[in-house]
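*Asks:* compute the structure for the input listed below.
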Amino acid sequence: MRGDSSRLIAAMSSPSSNGTTYDDLPGTILESFLPGFGFIRRLLLTTLGFDVTFLVSGCLVLIGVFSGSKYLYRALSQFADNYLMSSVHIEPNSEIYTQVMSWISANVVTERSRNLTAKMNTTESELLTTVIPAQLLQQDNGQPFDFGLLRKQEPVMYAPHYGDHGFWHAGRYFRLHREKRDVSIISWNSSGGNETVETMAIKTFGFSPRPIQELLNTCKRQDEDRSRTLTSVLRPHRRGDMWTHSSSRPSRPLDTVYLEAEQKARLLQDATEFLHPLSRRFYACRGIPYRRGYLLYGEPGTGKTTISMTLAGYFGLSLCVLSLVESSMTDERLGALFAQLPRHCIVLLEDIDAAGLEAREEVAKQAKALKDKEDQTQPAQEPAPMPAVRKSNRRGRNADGSTSDQTGITLSGLLNALDGVASQEGRILIMTTNDPEALDKALVRPGRIDMQVYFGHLSKVNGRAMFLRMYQDDEAIAAKLRSHEAFVKNATKAFSSGTLQVNGVKENTDEKQQHKIELLAEQFADMLPETTFTPAEVQGYLLTRRKSPEKAIAEFEAWRDVMMKAKERGTNIIATEAVENATT
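*Replies:* Coordinates of the predicted model:
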């Protein structure tokens with residue numbers, strides 16, 4: 001046995017037929033993969049006495065092991081994704097997407113992930129309440145506030161970047177996957193193109209998506225606690241028929257809408273009955289479309305748009321704002337947007353009389369009449385030329401393929417979108433107008449418009465309520481806005497009693513000062529002429545004197561006389577000098 005081992009060692013040390021020993025075998029193999037390696041090896045061996053063969057061989061082995069492990073990890077990960085994990089994909093334009101990103105950014109990923117995205121999008125109200133010290137905000141010495149300092153102290157917000165992010169929650173492992181890619185889409189106002197869209201998916205081990213659903217419910221509950229006093233505003237996506245989150249606005253209390261108490265109570269009661277969970281079954285059993293429409297009309301500045309935001313915050317609904325004068329809006333896109341509305345929401349169409357629906361219908365009739373006339377006057381063998389007024393097709397282009405100047409929707413398209421077979425049910429439609437008589441009768445017929453509410457000038461009762469709220473203690477108002485439940489309770493109580501005063505909130509002002517403000521409010525209401533000024537006009541006057549209720553009382557009569565003379569003349573521009581001279 002020992003003799004056989006000796007002969008094997010001697011054979012490995014002896015040169016082969018081509019002069020290469022077995023000790024040179026690794027170098028020979030490396031030479032075949034790395035040309036020139038033999039020369040470098042001999043050079044280093046001669047000068048440094050160091051053979052790099054085994055070092056290079058070890059590095060190549062490590063590279064191979066790393067590449068193989070990486071391939072094996074991808075294979076195992078793909079196998080786990082396909083057969084061992086359940087997943088939930090989230091639409092990027094949905095509300096739950098924002099809720100998930102907010103929760104993960106605040107609770108999990110930013111603490112463990114090494115791949116983050118930094119951004120600064122803190123709202124102005126959050127900056128004033130969380131960044132700037134309270135004592136700085138309380139200082140009001142008439143000096144300009146340095147908003148540059150405010151932005152310097154704005155905190156940096158972090159969110160998970162694109163890729164995979166693993167985290168643990170409730171004893172279970174989850175994986176967040178974010179990916180951005182370019183997709184081809186068809187636009188409503190062009191021939192199409194590419195747009196970058198994002199996909200998000202949450203995965204976990206198991207054959208049931210229930211753990212992911214519980215995680216999404218956790219994200220939703222936290223967002224509801226954070227944005228309980230906020231109203232979500234949705235607008236159409238710049239392309240396609242999707243609704244996207246535009247902003248979140250603070251919910252406005254009902255007593256900030258200075259509408260007559262009877263009108264406000266009637267509108268609130270009708271909306272409450274419609275949105276009750278049992279109402280859908282009532283409508284379905286009787287074959288009535290489950291939709292509601294309100295027409296708010298009156299002069300500008302009377303609160304028509306404001307009450308739309310107020311009702312959305314009162315009922316916890318999203319406000320979908322739609323502009324009919326948008327150049328890319330067509331009949332087909334409008335119908336698709338109404339079909340994609342949230343299940344319960346408020347749709348706001350502002351200044352419906354200014355949308356030019358009748359004008360577009362008249363242009364279409366004139367174009368058709370012109371074409372018919374030319375067809376009759378020209379010989380049959382000659383093709384009739386294109387009419388001077390071109391009609392737009394569904395993508396805002398002419399029949400000859402050129403871009404059309406006549407874009408927008410038609411009256412028939414709007415009517416089909418409001419109560420078509422594909423229109424979403426459960427929504428409340430609010431249309432505002434300054435000139436209701438300019439609207440087509442078909443647009444305001446019963447079934448499309450179920451209630452018409454007039455917004456008039458400011459009464460003495462509402463003027464007193466506006467004065468009280470303008471000079472009320474800020475802490476009392478803030479305490480009312482902190483809790484949505486208290487807001488609903490107090491607003492309902494105010495309507496049931498037929499008053500518009502702020503009730504149910506303990507004020508921090510001194511009783512003597514509060515009594516003084518109430519006396520000034522009575523004096524202000526006595527000087528205010530009945531149904532002469534809009535709420536916006538009176539509110540603008542009080543805002544310029546918001547630090548001194550006494551000054552507002554002292555200068556009101558002079559301001560009132562100047563404004564009434566301007567109204568009699570019918571002028572829109574009021575000289576500032578005339579107002580200042582009258583109030584001095």
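*Asks:* make it CA atoms for all contacts and neighbour counts henceforth
*Replies:* Will do.
*Asks:* neighbouring contacts of stretch 77-93?
*Replies:* 96-97, 197-209, 212, 242-245 (C-alpha atoms under 8 Å, 6 or more residues apart in numbering).
*Asks:* just the buried members of these?
*Replies:* 96-97, 198, 200, 202-205, 209, 212, 242-245 (16 or more other C-alpha atoms under 10 Å).
*Asks:* residues in contact with stretch 436-447?
*Replies:* Outside stretch 436-447, the residues that reach it (C-alpha under 8 Å, 6+ apart) are 292, 293, 295, 297, 352, 353, 358, 415, 449.
*Asks:* do stretch 337-344 as well
*Replies:* With C-alpha under 8 Å, 6+ apart, stretch 337-344 has contacts from 236, 241-243, 317-318, 417-418, 422-428.
*Asks:* still on that earlier bit, any of the contacts of stretch 436-447 buried? List them.
*Replies:* Using 16+ other C-alpha under 10 Å as the burial test, these include 292, 293, 295, 297, 352, 353, 358, 449 as buried.
*Asks:* in CSV: the residues you listed, plus pLDDT, distance to residue 470 and secondary structure.
*Replies:* CSV is the format used below for those (pLDDT from 0 to 100; distance: C-alpha to C-alpha, whole Å; DSSP: H, G, I helix; E, B strand; the rest coil):
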residue, pLDDT, distance to residue 470, secondary structure
292, 94, 34, strand
293, 95, 32, strand
295, 95, 29, strand
297, 95, 26, strand
352, 90, 31, helix
353, 84, 33, helix
358, 55, 42, helix
449, 93, 34, coil
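*Asks:* strands of the stretch 401-550 of the chain, residue ranges please.
*Replies:* For the stretch 401-550 of the chain, the strands defined by DSSP state E, counting those that start in this stretch occupy 427-433, 451-455.
*Asks:* could you do the chain as well?
*Replies:* 85-90, 116-119, 157-160, 163-169, 172-185, 193-205, 230-236, 243-250, 292-298, 318-322, 345-349, 427-433, 451-455 (DSSP state E).
*Asks:* near residue 460, how many other residues are there?
*Replies:* 19 (other C-alpha atoms under 10 Å).
*Asks:* residues in contact with it?
*Replies:* Contacts of residue 460 (C-alpha under 8 Å, 6+ apart): 525, 526, 528, 529, 530.
*Asks:* what's the lowest-pLDDT member of the contacts of stretch 337-344?
*Replies:* Ranked by pLDDT, the contacts of stretch 337-344 bottom out at residue 422 (73).
*Asks:* burial measure for that one, as a count.
*Replies:* 14.
*Asks:* mind listing what it touches?
*Replies:* Residues in contact with residue 422, defined by C-alpha under 8 Å, 6+ apart, are 335, 338, 339.
*Asks:* with residue 340 as the reference, measure out to it.
*Replies:* Residue 422 is 9 Å from residue 340, where distance means C-alpha to C-alpha, to the nearest Å.
*Asks:* related to what we said a few turns ago, can I get the buried part of the contacts of residue 460 as one PyMOL selection?
*Replies:* To isolate the buried subset of the contacts of residue 460 in PyMOL, counting by 16+ other C-alpha under 10 Å, use the following:
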select buried, resi 525+528+529
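*Asks:* show me the shaky parts of the stretch 351-500 of the chain.
*Replies:* Counting by pLDDT under 70, the ranges of the stretch 351-500 of the chain that qualify are 356-407, 474-500.
*Asks:* one more: the stretch 201-350 of the chain?
*Replies:* 225-228, 239-240.
*Asks:* which stretches of it form helices?
*Replies:* 210-226, 261-275, 279-285, 304-315, 331-339 (DSSP state H, counting those that start in this stretch).
*Asks:* mind listing what residue 346 touches?
*Replies:* Residue 346 neighbours (C-alpha under 8 Å, 6+ apart): 308, 312, 317, 318, 319, 320, 427, 428, 429, 430.
*Asks:* give me that answer again for 6 Å
*Replies:* Neighbour list for residue 346: 319, 427, 428, 429 [criterion: C-alpha atoms under 6 Å, 6 or more residues apart in numbering].
*Asks:* which ones are touching the closest residue to residue 229 other than its chain neighbours?
*Replies:* Closest residue to residue 229 apart from its sequence neighbours, by C-alpha to C-alpha, 6 or more residues apart in numbering: residue 251 at 5.4 Å. The contact partners of residue 251, by C-alpha under 6 Å, 6+ apart, come to 229, 230, 231, 313.
*Asks:* give me the nearest residue to the last one, chain neighbours excluded.
*Replies:* Distances taken as C-alpha to C-alpha, 6+ apart put residue 251 closest to residue 313, at 4.8 Å, once the chain neighbours are dropped.
*Asks:* which non-adjacent residue is nearest residue 207?
*Replies:* That would be residue 86: by C-alpha to C-alpha, 6+ apart, it lies 5.6 Å from residue 207.
*Asks:* tally of neighbours for the one you found?
*Replies:* 19.
*Asks:* kindly report the same for residue 566.
*Replies:* 15.
*Asks:* gap between it and residue 271?
*Replies:* Between residue 566 and residue 271 the distance is 39 Å, computed by C-alpha to C-alpha.
*Asks:* wait, which of the buried ones among the contacts of stretch 436-447 is closest to residue 408?
*Replies:* Taking C-alpha to C-alpha as the measure, residue 408 lies nearest residue 358 of those, at 11.8 Å.
*Asks:* identify the residues contacting residue 162.
*Replies:* 178, 179.
*Asks:* next one: residue 242
*Replies:* residue 236.
*Asks:* do the same with the one 3 residues further on
*Replies:* If you count contacts by C-alpha under 6 Å, 6+ apart, residue 245 has them with residue 234.
*Asks:* now stretch 229-249: buried residues?
*Replies:* Of all the residues in stretch 229-249, those buried under the rule 16+ other C-alpha under 10 Å are 229-236, 239, 241-245, 248.
*Asks:* gap between the two ends of that stretch?
*Replies:* End-to-end distance (C-alpha to C-alpha), stretch 229-249: 9 Å.
*Asks:* likewise stretch 237-249?
*Replies:* Stretch 237-249: ends 19 Å apart by C-alpha to C-alpha.
*Asks:* what's the local residue count around the nearest residue to residue 164 once chain neighbours are set aside?
*Replies:* Excluding its sequence neighbours, the residue lying closest to residue 164 (C-alpha to C-alpha, 6+ apart) is residue 177, at 4.5 Å. Look at residue 177: counted by other C-alpha under 10 Å, it has 18 neighbours.
*Asks:* domains in the protein, by residue range?
*Replies:* 28-83, 85-120+156-226, 247-358+407-455, 460-583 (automatic domain parsing).
*Asks:* which of those sits most buried?
*Replies:* Highest mean neighbour count among these (mean count of other C-alpha atoms under 10 Å): domain 247-358+407-455, with a mean of 18.
*Asks:* tell me which of the helices of the stretch 201-350 of the chain lies nearest to residue 462.
*Replies:* helix 261-275 (9.0 Å).
*Asks:* who is the closest residue to residue 161 other than its chain neighbours paired with across the strands?
*Replies:* Leaving aside its chain neighbours, residue 161 sits nearest to residue 116 (4.7 Å; criterion: C-alpha to C-alpha, 6+ apart). Judged by DSSP bridges, the bridge partners of residue 116 are residue 160.
*Asks:* what sits against residue 116?
*Replies:* So residue 116 contacts 159, 160, 161 (C-alpha under 6 Å, 6+ apart).
*Asks:* so what's the last one scoring on pLDDT?
*Replies:* So that's residue 161. 85.
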